[in-house]
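A.B. asks: With the input below, show me the fold.
(one chain, ligands or ions: 1)
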Amino acid sequence: MPEGFSMPSDTAQPPASEATRPSQTQILNGRFDKLSAEQTVEELIRAIRAGERGVLSTVNVAILMMMRSNARLQRFVDSSRWTVADGQPLVWASHLWQQPLPERVAGIDLIDQLCARAAQERIGVYFLGAESGTVRATVDVLRNRHRGLDVRGYADGYFGPEQAEARAKAVADSGAELLFVAMGVPRQEYFIEEQWGNLGARIVIGVGGSFDVIAGRRKRAPAFVQHAGLEWAYRLAQEPRRLFKRYLVTNSQFLGLISWSAIAQVSHFRRVTPRP
Ligand code: UDP
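C.D. replies: Numbers count the residues shown, from 1 in each chain. Down below sits the predicted model:
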């Protein structure tokens, strides 16, 4: 089994609540590390320095709901070494369980923050995913922002299954310790899972469509929209046809499940609290 990222076989996972560490918060079917963005970055740099390996999953509401109907994705996230909440609604929801997450940790911000630290620490980085012009532009932007960034390589994310092993081995041959994979969910997770033994990189992070934003091909919601928990609405406005069904389904499912859990929690509290 690959070191540091043991994908369970088809056997059932232990119930998530049993496996939740004290440093984690359970929100519905997801376990999230109680780490701020800065702590996440420092933890990953520490792990690289210590010669450890692992996957970090960034999970938003849409992905959390997708995990419910995609057992493979659920197992992948459950087996990740770290999982962070990439959305304000998840941070709000964590307060319902009295286990608040410190803040949202967005994959796209992690790319920047990790590249800044990687440049200081001379850690080699690889970028895999998006169209070839986009990944090239992403590398240019990040090299300009972070002087001395050691980009060991980059490649687009459009390849067939027969090329996957060669793409993964190219990452290992580059000697990169930090790998960002931006091929959309769950495509990137399947790739990481299947190629974990070939990738070589110590830390691997799936970052969805982040390269499109860094390269300027797609706009990111302004900060106030993000803080209002409405980043999904901003994306929806950009691609209404493609995303309408996705957000309608996942948002209403999340709202329903969260409300139901909150009601269950309150009634449980009433039952166990002795009346004066
Ligand atoms: N992408 C890729 N390979 C593919 C399909 C998509 O690298 O085979 C890239 C795509 O160019 C984009 C990112 O994955 O940069 C996210 O794609 P998409 O927007 O389709 O995913 P979503 O955000 O809808 O999950």
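A.B. asks: Enumerate the residues of the stretch 101-250 of the chain near the ligand.
C.D. replies: 129-131, 157-158, 182-185, 187, 208-209, 211-212 (C-beta under 6 Å from any ligand atom). Backbone N, C-alpha and C define where each C-beta goes, glycine included.
A.B. asks: Is it possible to get JSON lines of these that adds secondary structure?
C.D. replies: Shown next, in JSON lines, are these (DSSP: H, G, I helix; E, B strand; the rest coil):
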{"residue": "G129", "secondary structure": "strand"}
{"residue": "A130", "secondary structure": "coil"}
{"residue": "E131", "secondary structure": "coil"}
{"residue": "G157", "secondary structure": "coil"}
{"residue": "Y158", "secondary structure": "coil"}
{"residue": "A182", "secondary structure": "strand"}
{"residue": "M183", "secondary structure": "coil"}
{"residue": "G184", "secondary structure": "coil"}
{"residue": "V185", "secondary structure": "coil"}
{"residue": "R187", "secondary structure": "helix"}
{"residue": "G208", "secondary structure": "coil"}
{"residue": "G209", "secondary structure": "coil"}
{"residue": "F211", "secondary structure": "helix"}
{"residue": "D212", "secondary structure": "helix"}
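A.B. asks: from those residues, which is closest to V266?
C.D. replies: V266 has its nearest neighbour among these in V185, at 32.8 Å by C-beta to C-beta.
A.B. asks: In this structure the closest one contacts L73, no?
C.D. replies: Yes. Counting by C-beta atoms under 8 Å, V185 touches L73, with 7.3 Å between them.
A.B. asks: which residues are common contacts for the two?
C.D. replies: I63, M66 (C-beta atoms under 8 Å, 6 or more residues apart in numbering).
A.B. asks: Where neighbours are concerned, which of the residues of the stretch 101-250 of the chain next to the ligand has the most?
C.D. replies: F211 (32 neighbours; other C-beta atoms under 10 Å).
A.B. asks: wait, what's in contact with it?
C.D. replies: F127, G129, A130, T134, V135, T138, F180, A182.
A.B. asks: In three-state terms, label the first one for me.
C.D. replies: In other words, F127. strand.
A.B. asks: since we're on the spatially closest residue to it that is not a sequence neighbour, how many residues are nearby?
C.D. replies: Leaving aside its sequence neighbours, F127 sits nearest to Y154 (C-beta to C-beta, 6 or more residues apart in numbering; 4.1 Å). Counted with other C-beta under 10 Å, the neighbours of Y154 add up to 23.
A.B. asks: Check the secondary structure at Y154 for me.
C.D. replies: Y154 - assigned by three-state DSSP - is strand.
A.B. asks: right, and it touches V139 too?
C.D. replies: Yes. Taking contacts as C-beta under 8 Å, Y154 lies within contact range of V139: 5.1 Å.
A.B. asks: Spit out the residues that contact these two alike.
C.D. replies: By C-beta under 8 Å, 6+ apart, the residues touching both Y154 and V139 are F127.
A.B. asks: if I pick whichever residue of the stretch 1-150 of the chain sits closest to the ligand, what's in contact with it?
C.D. replies: Residue nearest to the ligand within the stretch 1-150 of the chain (C-beta to the nearest ligand atom): A130, separated by 3.5 Å. By C-beta under 8 Å, 6+ apart, the contact set of A130 is T138, D156, G157, A182, M183, G209, F211, D212, A215.
A.B. asks: Tell me the one of these nearest L149?
C.D. replies: Closest approach to L149 among the contacts of A130 (C-beta to C-beta): T138, at 11.6 Å.
A.B. asks: how many neighbours does that closest one have?
C.D. replies: T138, neighbours per other C-beta under 10 Å, totals 26.
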